[in-house]
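Enquirer: what's the 3D shape of this:
(chains A, B, C and D)
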2 protein chains.
Amino acid sequence: MSKAQKDKSTEERILTAAKKIFVLKGMSGARMQDIADEAGINKALLHYYFKNKEQLFEMIFMEAAAQLFPKINKIFDSDQPLFEKIERFCEEYISIVTENPFLPLFVINEINQDPDYFLKKVWAGKSKPNPAKFLEQIDREVKKGTIKKINPVHLLMNLISMTIFPFMGKPMFQKNLGISEAQFRQLMEQRKKEIPAFIIDAIKK
Amino acid sequence: MSKAQKDKSTEERILTAAKKIFVLKGMSGARMQDIADEAGINKALLHYYFKNKEQLFEMIFMEAAAQLFPKINKIFDSDQPLFEKIERFCEEYISIVTENPFLPLFVINEINQDPDYFLKKVWAGKSKPNPAKFLEQIDREVKKGTIKKINPVHLLMNLISMTIFPFMGKPMFQKNLGISEAQFRQLMEQRKKEIPAFIIDAIKK
DNA sequence: ATAAAATTTAACCAAATGGTTAAAACCCCG
DNA sequence: CGGGGTTTTAACCATTTGGTTAAATTTTAT
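Expert: Residues are numbered from 1 along each chain as shown, chains lettered A, B, ... in the order given. This is a model prediction of the structure:
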């Protein structure tokens, strides 16, 4: 059992352990025994708290998705100017993911396993994302002549890609560029400013 | 058995089937029975051709990695001017991945499962990537004053992120933006020009 | 035609895995 | 102290899964 868990309640410890294992190995790669071990308990007690693997997985997945998605929507749906939105998105998103570096790969993975099922689950009831507002905002700026002509979808893809992908490709980048953990963190910290600057340079007239 | 496979040799059909299943479900999610079914044969024959799951998986993974990595290196290591390299990379990479949309997620996934093992395997013997040359080239352009001051590592990350990520987030983008298969292909086709233009706009003085 | 190779059938095995159970031990609160 | 919820122990079960085997059948090349 890892140190950080000793004081927490058993249920909390199970959830923390399950998150770690599921996020690391995915649904099919995770073993209930691994989760029990990680939580410092036995399998019987694990099932005493959670009926089965699927139910536990769904809790973890939903929590992970809730950590990643609603924040995007809130920023994109706000009434800030375009450039400020871009800056805020990078800032907040990189902060979240720096603390949970494996979340994006995990979530995207499981979504790819069954897009209809998981995406319906994710925006069930609450914050279904409304990219329309953000896309229209870009369109307006283009027509105003504030920024260069660009298909808003490409701009959105560029923003999200540059923000998220480095975390998914982390081991690859690290091995190929000889980057330490500390250096990687520092790079990601820089990207909070670097990406908005890059984008603004690319689109402003 | 899918139509495209009827004429191919059994071994080829197994490899095609295995690629499809492994790439879709990952090592832990893939079932030997699924591969046999997909290849239109039975499990006994599958093991008649391939000793075990690990050996088969490694062939598929190596083939997938070989499809993705060496081409990057060749472009980055060439003697073309910077802007041409960027254009060529986007062009060729998007072409490859359009025909194999699940490859990047698959490879990145398995690399994350065991970075040391898989990355050692990938650059075993042959094309270990040499990003140094590309990074130095960027540095030279910066010093020459041709492009704005930028950390080459960020530029490299931006380029690779924008090129690859949209394929990994495909279902997410499709659901959220209401994009059909045809529209997605068209968007990716556009990105062959869009990304280089975007980058060049961002960095040229 | 015949031998060799490829393929199917079908049964089987062992290990891994998700899940259950019942009894005992532990712990905390009234 | 006593009882209710918690946790352990340890055995057990059913299913899934990777892998094997042997015999029968089909295909292919000589």
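Enquirer: In chain A, which residue sits nearest DNA strand C?
Expert: The minimum distance from chain A to DNA strand C, using Cβ to the nearest atom of the strand, falls at residue A:52 (2.8 Å). (Each C-beta comes from the backbone N, C-alpha and C, glycine too.)
Enquirer: Now for that residue: which residues touch it?
Expert: If you count contacts by Cβ atoms under 8 Å, 6 or more residues apart in numbering or on different chains, residue A:52 has none.
Enquirer: Next up, phi/psi of it, please.
Expert: With angles defined as degrees, to the nearest 10, residue A:52 sits at phi -150, psi 180.
Enquirer: With residue A:147 instead?
Expert: Residue A:147 adopts backbone torsions of phi -130, psi 160, taken as degrees, to the nearest 10.
Enquirer: Kindly report the same for residue A:148.
Expert: In terms of degrees, to the nearest 10, the main-chain angles of residue A:148 are phi -70, psi 160.
Enquirer: isn't it right up against residue A:199?
Expert: No: between residue A:148 and residue A:199 there is no contact under Cβ atoms under 8 Å: 11.3 Å.
Enquirer: For burial, what's the neighbour tally of the residue nearest to residue A:169 when sequence neighbours are not counted?
Expert: What sits nearest to residue A:169 in space, not counting adjacent residues and going by Cβ to Cβ, 6 or more residues apart in numbering or on different chains, is residue B:108, at 6.1 Å. Residues lying near residue B:108 (other Cβ atoms under 10 Å in any protein chain shown) number 22.
Enquirer: Identify the residues contacting residue B:108.
Expert: Residues in contact with residue B:108 (Cβ under 8 Å, 6+ apart) are A:105, A:168, A:169, A:172, B:168.
Enquirer: And residue A:72, by the same measure?
Expert: By Cβ under 8 Å, 6+ apart, the residues touching residue A:72 are A:89, A:93, A:129.
Enquirer: What separation is there between residue A:153 and chain B?
Expert: For residue A:153, the distance to chain B equals 6 Å [Cβ to the nearest Cβ, to the nearest Å].
Enquirer: sec struct for that residue, please.
Expert: Put simply, residue A:153 is helix when judged by DSSP: H, G, I helix; E, B strand; the rest coil.
Enquirer: My guess is it contacts residue A:136. True?
Expert: No: judged on Cβ under 8 Å, residue A:153 makes no contact with residue A:136 at a distance of 12.0 Å.
Enquirer: neighbour-wise, which of the two wins?
Expert: residue A:153 (20 against 11).
Enquirer: can you pull the pLDDT of the more buried one?
Expert: We have a pLDDT of 98 for residue A:153.
Enquirer: same check, this time on residue A:97
Expert: Looking at residue A:97, its pLDDT stands at 97.
Enquirer: Following element in sequence after whichever strand or helix holds it, please.
Expert: Using DSSP states H and E, the element containing residue A:97 is helix A:82-99. Note on helix A:82-99: by DSSP H and E, the next helix or strand toward the C-terminus is helix A:103-113.
Enquirer: What residues sit buried inside that next one?
Expert: Neighbour counts using 16 or more other Cβ atoms under 10 Å in any protein chain shown place A:103, A:104, A:105, A:106, A:107, A:108, A:109, A:110, A:111, A:112, A:113 of helix A:103-113 among the buried residues.
Enquirer: quick revisit: and of the contacts of residue A:72, the nearest to residue B:83?
Expert: residue A:89 (28.0 Å; Cβ to Cβ).
Enquirer: Between residue A:148 and residue A:199, which is the more surrounded one?
Expert: Comparing residue A:148 with residue A:199 by neighbour count (other Cβ under 10 Å), the higher total belongs to residue A:199, at 24 against 15.
Enquirer: contacting residues for residue A:128?
Expert: The neighbours of residue A:128, taking Cβ under 8 Å, 6+ apart as the test, are residue A:73.
Enquirer: Roughly how far does it sit from residue A:38?
Expert: In this view, residue A:128 and residue A:38 are 34 Å apart by Cβ to Cβ, to the nearest Å.
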